[in-house]
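J.: build me a model:
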Amino acid sequence: MSGKLYFHLTLSDNPYKEDKLDELWGNIKLIYELNNSIINLLDWEWNIKELQEWFESKKEYLLTRNLNVLNEDNKSIAEVRDIAYNREFFFNEDEQHNYYNMLEDVFLPFQFHLRGTPTPVYYIGINNGMGEISYFDEIKGKYERYNFNMEFFLISTEVVLRVVFQS
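T.: Just a heads-up that it's a prediction; the model follows:
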């Protein structure tokens, strides 16, 4: 079953005004909604420009790039990524270097994280034909995964960012 994933943004005063950074401060909520049940996946005060930069750099991938790795067990993007990074044996350093570069190429387009925060690293993309957000929940000690309508996510994110940056 597929739900809705969307951002809710609220502007607020930057508590670090003295740093004179080029920031637009506010509360960033990443919300998943299914059957009138709401889950706050992220609730953090941060520079909203960072979210805008992430979205501008990733939006083309989000609608079109499917997780193109062997995933017969239908694992989440976050879990497939961690399994791939757990490889321990390499014949030489070149093989190891090339392998990790390849993994960056595969998984970086799916990654969402607010730099410098202890928030989870989220993986947002298309997995087995469906929009997905997944991450490892440190508190629960397990992977969390939510399916959603990717087109709705892209449109709603674009709208909410446009509204915030026009105010």
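J.: any idea how far Tyr135 is from the most centrally placed residue in the chain?
T.: The C-alpha lying nearest the average C-alpha coordinate of the chain belongs to Phe112 (CA atoms, centre = their mean; 3.0 Å). Phe112 is 9 Å from Tyr135, where distance means CB to CB, to the nearest Å. Bear in mind the C-beta positions are built from the backbone N, C-alpha and C, glycine included.
J.: that older thread, let me see the contact set for the closest residue to the residue nearest to the centre of the chain other than its chain neighbours.
T.: Distances taken as CB to CB, 6 or more residues apart in numbering place Tyr122 nearest to Phe112, at 4.5 Å, with adjacent residues excluded. For Tyr122, the contacting residues are Leu30, Leu41, Leu42, Ala78, Gln111, Phe112, His113, Ile133, Ser134, Tyr135, by CB atoms under 8 Å, 6 or more residues apart in numbering.
J.: on that earlier part again, surely the residue nearest to the centre of the chain meets Ile124?
T.: Yes - contact criterion CB atoms under 8 Å: Phe112 and Ile124 qualify, at 5.3 Å.
J.: identify the contacts common to these two.
T.: With CB under 8 Å, 6+ apart, Phe112 and Ile124 have common neighbours Lys58.
J.: where does Val159 land in three-state SS?
T.: helix (DSSP: H, G, I helix; E, B strand; the rest coil).
J.: just the strands in the protein please.
T.: Assigned by DSSP state E, the strands in the chain fall at 4-11, 25-34, 37-47, 111-112, 122-127, 130-137, 142-148.
J.: can you redo those as JSON lines with mean pLDDT?
T.: What follows is these, written out as JSON lines (pLDDT from 0 to 100):
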{"stretch": "strand 4-11", "mean pLDDT": "97"}
{"stretch": "strand 25-34", "mean pLDDT": "97"}
{"stretch": "strand 37-47", "mean pLDDT": "97"}
{"stretch": "strand 111-112", "mean pLDDT": "96"}
{"stretch": "strand 122-127", "mean pLDDT": "95"}
{"stretch": "strand 130-137", "mean pLDDT": "96"}
{"stretch": "strand 142-148", "mean pLDDT": "97"}
